[in-house]
Every structure is written in structure tokens, then in C-alpha cells.
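Participant: what's the 3D shape of this:
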Amino acid sequence: MATNSAMRRASRTLLRLLAALGLGVVALGTAVPASADGGAWPKYLHDNGGSGFAADSALTAATAARLKVTPGWPVQLGATISTQPVLADGLIYVGAWDGYEYALTPSGAIAWKRFVGITTKGKACQYPIGIAGTAAVADAAVNGSTRSVLYVGGGGNADANGKTFSGGSAQLFALDARSGDVLWHTALGSSPDHFIWSSPAVYRGSVYIGVSAFADCPLIQGQLVQLNASTGQVQHTADMVPSGCIGASIWGSPTIDEATGTVFVATGNPEPCSMFGPQVGTTIRPKRAAATAVLALLGLLLAGFAWPRPSIRGIFWGGVGLALIGVAATSLLVVGPHIEQPLPYTQAVVKLSASDLRVLGHWQIPAAESVFDSDFGSTPTLFRGTVTPGGVARELVGVANKNGIYYVLPGPWPGRPTANRDRR
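Facilitator: Here you go, the predicted model:
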């Protein structure tokens, strides 16, 4: 996952973005609609397809040159910012590493703020982080009434003062977008190992969110979770690696093709997992292997002792059985860690059904292009285009890997990259 220096660069970039938002707040403030459905920028990358684009007649090449900082901006929040500002309901929403989700007015005043948690494991692993993923705003029927709801990842194992506690969890929160009141929150994994770097996507009454490790120390079982947008009840979970294995965190955000009802996610690096199960491990454990070898030797000794004595032939067969069990167990402990099971959804783009999270297809980066910590740490983008000059336009999926390559895949699945990979 991202290093601390990378996150600091991201925070500086987002601080500049928030300051730039202050430059254009006069032009945008009156254009922000009252409802979340028509929000100017209601989620990360604007829409479920991840276009990162919104038409605005008030901002042009000509008017951009005349933008000025308005009174009340830029706004200094309580900590580092790695989220993207969201515009909806006439408010500007942004989360920070102090664990607060902030709602700002176009004038730069804080309309409300809500603490949703901080996760920490000490500086040896990762600095304390509150909200790392951008919120999503959408209308939903909660507690008997339709309202504008803000969905954001939070939870953790530290309070607002930084004091740690046990029993915490990574959670998805649903807040009233106008007041900041907590409508519901759902635990998605124990803290501090689990963390929500992902930003939610809302589609047909469900919220989709990726679950990842805090910072690869340790890795966890990566998952995509579908929850009821009204109640927070978990509807379906897609495991990116088998139960007992770890890896394939979803660091980025789910992208939804609303035309086909499918979800795309990009996953992180794997941890080798034995074909014989996680109990065997991925490295030889000398003490366990020695113990089972002693068991095999004891069985052979019993069998040798009983063989010339027909009256205790049962002990002979017991010794033989004990020896066979010991040999089998020793072989498993010595050889098993080197027989890894395939993990096709790690370092991959995975396509799932939005209705039940069935995997419909996947594409995994070639081993030759994998580097150390070769995560997909970004979010897939859906677009229509050609892959060769003068070619036929088609539906495409694009996403960047930490190996420095941007991959373009066909919308139909499965498939191989349709264009030359672009390395920058």
C-alpha cells in the first residue's frame, strides 16, 4: 500500500484542491442543487463510472483565469486531508485524518462535523489515520423517511483524543447529510488490521465498499461488501482470496457500470497461501516438523517391538498407523508450504454482478510485470474510445498499477488488454 511519504504527497495535493475549491466557490455555490441526486460532485470521481468529469458552464478557459480567492477560503481543517471534496445539498463535504467528516458552507464556515474514528498501529506501521476515503452522498429511505445520506468509511481503535482502546472495528457510516447525525454504522472487520481506504458507491438501494489492510502490516483478506443503503445490513460479501488466506486488499473504490449492472474493483498484492490450508503456513516450521518426525519414529519403535510377539499384534498395527500419520504430517509440514494455491483475484481487475457480487471475470497482471508491492492502488474508470487510430469505438476499462503501467481492458469480459500499455 501507499507509503507515508506518498500519503503526505497526497495530502498536499488535496489541500491544494481544497484551496482551489475556495477559488471557485462563488461560481459553484449557487449551482449546487439541494438534492443529492443532482449534486455537483456527489462522490469520488463524480459518478459510479469514475469519469471524474462534470459539465459546468460557469467554468471555462476564459473564466478560470479570473477566479479569485473568496472570503473565508482556504479552510484549514484539523489534520491531513487525503479525500476529495464532495459537493451536494449546497454543502462541501470533506474528511480528514483527525477522524472528522466536515460539512462546509460555500462561505467556508463549518456547518457540522462528525467524528467517526481513528486507526493507529504506531509509527512503525502507519501514522494514525481517521478518514482516508472520500464520502458519497445519495438519497435513501432511512428510518421511515427519504433523506440525503452521506456514506463514509470510518471506525478504528482510537478516540478523538488519540487514546487507543480494544475491540474496535473498521466501519461504514451513514450520516444525515444535512445535520451530520449518525443514521447507522456497520462493522466490516477488526481494528487496527482492517481499514477503509475505499470510497463507497451507491447503486439501486445498495452501498458497495472495499475492505483492505491498514498498511500491509499485516495483510488481511481483501473483500468487497454490499450493504443495504437504508439499514446498513450486509447483503453480500465477495472474498478476493479464500478464507484463511490473506491479500488482495481493495485500496481503491468500486466502479459500477450501471448499463450492465456490474461492478469493477482492482486489488492489491497477495501473500502465498498453501494448497493444504492456512494452518500449514507458507514457511517450514522446524519445531512442528520435528515433533511429527518423533511421532513417526515412536510408531516404528512400537511396531518393531510388537512384530515378534503375536499376542500383541494389535500394538504392531497401532505402531504402523502412528508411523504413517507421523510421516504424512512431517511431509505436509516440510513440503506443504511450497505448494501454493492459485490466487487469481490478487493484483487483478475483477468484474462482479452488482446484484449478488458473483465474480463474472477477472484479469491478473502478468508475472513479468509484477513488482514489489504491485498493488492496484487506484480506481477503475469506464470510458468509451478507440485503442488504435481510426479504430472502432468500444466500451473500455482503464486502471493504473503501482508498476507504473496504465492498463486498458475491454468492457466485455474476460479479455486481455486491448491497447499497448502506457508506462509513464
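
Participant: mind listing what A259 touches?
Facilitator: Residues near A259 by C-beta atoms under 8 Å, 6 or more residues apart in numbering: none. For the C-beta atoms, the positions are set from N, CA and C on the backbone; glycine is no exception.

Participant: what pLDDT is listed against it?
Facilitator: pLDDT, A259: 94.

Participant: next one: it from S199, what distance?
Facilitator: Remark: distance between A259 and S199 (C-beta to C-beta, to the nearest Å) = 21 Å.

Participant: same question, S190
Facilitator: 21 Å.

Participant: higher neighbour count, those two?
Facilitator: S199 (27 against 15; other C-beta atoms under 10 Å).

Participant: ok, that one touching V137?
Facilitator: No - between S199 and V137 there is no contact under C-beta atoms under 8 Å: 11.4 Å.

Participant: overlap of the contact sets of those two?
Facilitator: Counting by C-beta under 8 Å, 6+ apart, the shared contacts of S199 and V137 are K43.

Participant: tell me, how many residues neighbour the closest residue in space to I315 that isn't next to it in sequence?
Facilitator: Nearest non-adjacent residue to I315, counting by C-beta to C-beta, 6 or more residues apart in numbering: A306, 4.1 Å away. By other C-beta under 10 Å, 19 other residues sit near A306.

Participant: for A306, give its distance to L324.
Facilitator: Distance from A306 to L324, counting by C-beta to C-beta: 15 Å.

Participant: over to A138?
Facilitator: 61 Å.

Participant: wait, S212 sits on S253?
Facilitator: No - S212 is beyond contact range of S253, at 11.0 Å (criterion: C-beta under 8 Å).

Participant: so what's in contact with those two at the same time?
Facilitator: S198.

Participant: ok, those two, which is more surrounded?
Facilitator: Neighbour count, other C-beta under 10 Å: between S212 and S253, S212 has more, with 33 against 28.

Participant: show me what the strand or helix carrying the more buried one is packed against.
Facilitator: Using DSSP states H and E, S212 sits within strand 206-213. Strand 206-213 sits against strand 145-158, strand 164-176, strand 182-190, strand 194-195, strand 201-203, strand 223-228, with contacts defined as 3 or more C-beta pairs under 8 Å, 6 or more residues apart in numbering; DSSP states H and E.

Participant: what about 7 Å?
Facilitator: strand 164-176, strand 194-195, strand 223-228 (3 or more C-beta pairs under 7 Å, 6 or more residues apart in numbering; DSSP states H and E).

Participant: so for it, what gets flagged as buried?
Facilitator: S206, V207, Y208, I209, G210, V211, S212, A213 (16 or more other C-beta atoms under 10 Å).

Participant: got it, and stretch 223-238?
Facilitator: By neighbour count with 16+ other C-beta under 10 Å, stretch 223-238 contains the buried residues Q223, L224, V225, Q226, L227, A229, S230, T231, G232, Q235, H236, A238.

Participant: how far does that stretch sit from its chain's centre?
Facilitator: Relative to the mean C-alpha coordinate of its chain, stretch 223-238 is positioned 14 Å out (C-alpha atoms, centre = their mean, to the nearest Å).

Participant: so what touches it?
Facilitator: If you take C-beta atoms under 7 Å, 6 or more residues apart in numbering as the criterion, stretch 223-238 is touched by 140-142, 172, 174, 184-186, 188, 202, 205-211, 239-240, 250, 254, 265, 352, 356-357, 359.

Participant: hmm, back to that, between A138 and L324, which one's more packed in?
Facilitator: More crowded of A138 and L324, by other C-beta under 10 Å: A138, with 23 against 13.

Participant: on the three-state scheme, the more buried one is what?
Facilitator: Under DSSP: H, G, I helix; E, B strand; the rest coil, A138 falls in the strand class.

Participant: quickly list what it is bridged to.
Facilitator: Judged by DSSP bridges, the bridge partners of A138 are V149.

Participant: isn't it right up against A201?
Facilitator: No - if you go by C-beta atoms under 7 Å, A138 and A201 don't touch, sitting 9.4 Å apart.

Participant: hey, which helix or strand in the protein has the poorest pLDDT?
Facilitator: Sorted by mean pLDDT, DSSP states H and E, the helices and strands of the chain end with helix 25-29, the least confident at a mean of 36.

Participant: that helix: what's the following helix or strand?
Facilitator: In N-to-C order, the element after helix 25-29 by DSSP H and E is helix 61-64.

Participant: I would like the residues contacting stretch 44-58, please.
Facilitator: Under the contact criterion C-beta under 7 Å, 6+ apart, stretch 44-58 has outside partners 27, 31, 40-41, 84, 134, 199, 201, 203, 253, 255-258, 379-382.

Participant: nearest to G162 among the buried residues of strand 206-213?
Facilitator: A213 (21.2 Å; C-beta to C-beta).

Participant: just the pLDDT for that closest one.
Facilitator: A213 is given a pLDDT of 95.

Participant: that older thread, any idea which of the helices and strands packed on strand 206-213 gets closest to G153?
Facilitator: Closest of the helices and strands packed on strand 206-213 to G153 is strand 164-176, at 5.9 Å (criterion: C-beta to C-beta).

Participant: redo the buried residues of strand 206-213 as JSON lines? Include distance to K68.
Facilitator: Below are the buried residues of strand 206-213 laid out as JSON lines (distance: C-beta to C-beta, whole Å):
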{"residue": "S206", "distance to K68": "42"}
{"residue": "V207", "distance to K68": "38"}
{"residue": "Y208", "distance to K68": "39"}
{"residue": "I209", "distance to K68": "38"}
{"residue": "G210", "distance to K68": "39"}
{"residue": "V211", "distance to K68": "42"}
{"residue": "S212", "distance to K68": "40"}
{"residue": "A213", "distance to K68": "43"}
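
Participant: kindly indicate which of the residues you listed lies nearest Q347.
Facilitator: The closest of the buried residues of strand 206-213 to Q347 turns out to be S212 (C-beta to C-beta; 13.5 Å).

Participant: residues contacting that closest one?
Facilitator: Residues in contact with S212 (C-beta under 7 Å, 6+ apart) are F195, W197, S198, G222, S249, I250, W251, G268.

Participant: pretty sure the first one contacts L172?
Facilitator: No - taking contacts as C-beta under 7 Å, F195 lies outside contact range of L172: 12.0 Å.

Participant: now the residue nearest the centre of the chain, nearest residue through space, not along the chain?
Facilitator: For the chain, the residue sitting closest to the mean C-alpha position, by C-alpha atoms, centre = their mean, is I250 at 2.9 Å. Leaving aside its sequence neighbours, I250 sits nearest to G210 (C-beta to C-beta, 6+ apart; 2.8 Å).
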